[in-house]
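Visitor: following is a predicted model, sequence given first.
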Amino acid sequence: AQKITQTQPGMFVQEKEAVTLDCTYDTSDQSYGLFWYKQPSSGEMIFLIYQGSYDEQNATEGRYSLNFQKARKSANLVISASQLGDSAMYFCAMRGHMTQGGSEKLVFGKGTKLTVNP
Amino acid sequence: SQTIHQWPATLVQPVGSPLSLECTVEGTSNPNLYWYRQAAGRGLQLLFYSVGIGQISSEVPQNLSASRPQDRQFILSSKKLLLSDSGFYLCAWTAGPGLLEQYFGPGTRLTVT
């Protein structure tokens, strides 16, 4: 079974600085995908970035980059030049399998609350 | 472009009352649809999954049920709510197998009193 671990319940960063949010995963699959979502106080889950297990380069999307270290089974999210609007919960997730039917689902970590200070 | 709606946005219901939460998707056909629950300060727990009309898979045994009467409509229901059903309910969709990102709706915050 797939498992996601986010060990930082909360993180603080100064505006305009970079911050790294940690994520480790466990899976026996050879092919898998890793995701990061942002959840602001409004509650909506916003997709940020995706990394496939066979992707040779780290994924990047604007100020977001994913530091993928396959041997360590880690997929840390790096946010550069933090903005006040980045304050939110951040969830790491990976593609897993349903208990019925073999269809796919997302397995989520417990999240990290990021606070950006002015 | 695709959009996903959830109704209502917030709901306060007494224990033992029924529940119906609605999720609709626009701009796509035959999506895979998901219901998640998020307890306060916790991650997301997958409740139900549907690959098509009338096809529902349940991930965890519980007091809730789901139905998909139309291609782009997904409904979460309960006959009698429990206090433990309180939480934030999120609906999500994907374009089909070979899952890449899921897109989430705005959520429904349910408080059972």
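Guide: Here it is on my side, so go on.
Visitor: and the residue nearest the centre of chain B, bridged to which residues?
Guide: Nearest to the geometric centre of chain B sits residue B:35, at 3.1 Å (CA atoms, centre = their mean). Beta-bridge partners of residue B:35, counted by DSSP bridges, are residue B:48, residue B:91.
Visitor: of all the residues in chain A, which one is nearest chain B?
Guide: As assessed by CB to the nearest CB, chain B sits closest to residue A:45 within chain A, at 3.8 Å. C-beta: built from backbone N, CA, C; applies to glycine.
Visitor: OK, contacts around that residue?
Guide: A:37, A:38, A:39, A:91, B:44, B:90, B:92, B:104 (CB atoms under 8 Å, 6 or more residues apart in numbering or on different chains).
Visitor: pull the most distant pair out of those residues.
Guide: Considering CB to CB, no two members of the contacts of residue A:45 lie farther apart than A:38 and B:92, which are separated by 14.5 Å.
Visitor: which residue of the two possesses the greater neighbour count?
Guide: Using other CB atoms under 10 Å in any protein chain shown, the more surrounded residue of residue A:38 and residue B:92 is residue B:92, with 26 against 21.
Visitor: what sits against that one?
Guide: A:45, B:4, B:33, B:34, B:36, B:102, B:103, B:104, B:105.
Visitor: and the helix or strand containing residue A:77, is it in reach of chain B?
Guide: According to DSSP states H and E, residue A:77 maps onto strand A:74-79. No. Applying CB under 8 Å from any CB of the partner chain, one finds strand A:74-79 separated from chain B by no less than 14.4 Å.
Visitor: other SSEs contacting that strand?
Guide: For strand A:74-79, the packing partners by 3 or more CB pairs under 8 Å, 6 or more residues apart in numbering or on different chains; DSSP states H and E come out as strand A:19-21, strand A:24-26, strand A:33-39, strand A:46-52, strand A:64-69, strand A:88-97.
Visitor: okay, the ones you listed in TSV with mean pLDDT next?
Guide: Formatted as TSV, those follow (pLDDT from 0 to 100):
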stretch	mean pLDDT
strand A:19-21	98
strand A:24-26	97
strand A:33-39	94
strand A:46-52	93
strand A:64-69	96
strand A:88-97	88
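Visitor: turn the ones you listed into JSON lines, including distance to residue A:79.
Guide: Putting these into JSON lines (distance: least, CB to CB, whole Å) gives the following:
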{"stretch": "strand A:19-21", "distance to residue A:79": "5"}
{"stretch": "strand A:24-26", "distance to residue A:79": "18"}
{"stretch": "strand A:33-39", "distance to residue A:79": "9"}
{"stretch": "strand A:46-52", "distance to residue A:79": "9"}
{"stretch": "strand A:64-69", "distance to residue A:79": "6"}
{"stretch": "strand A:88-97", "distance to residue A:79": "9"}
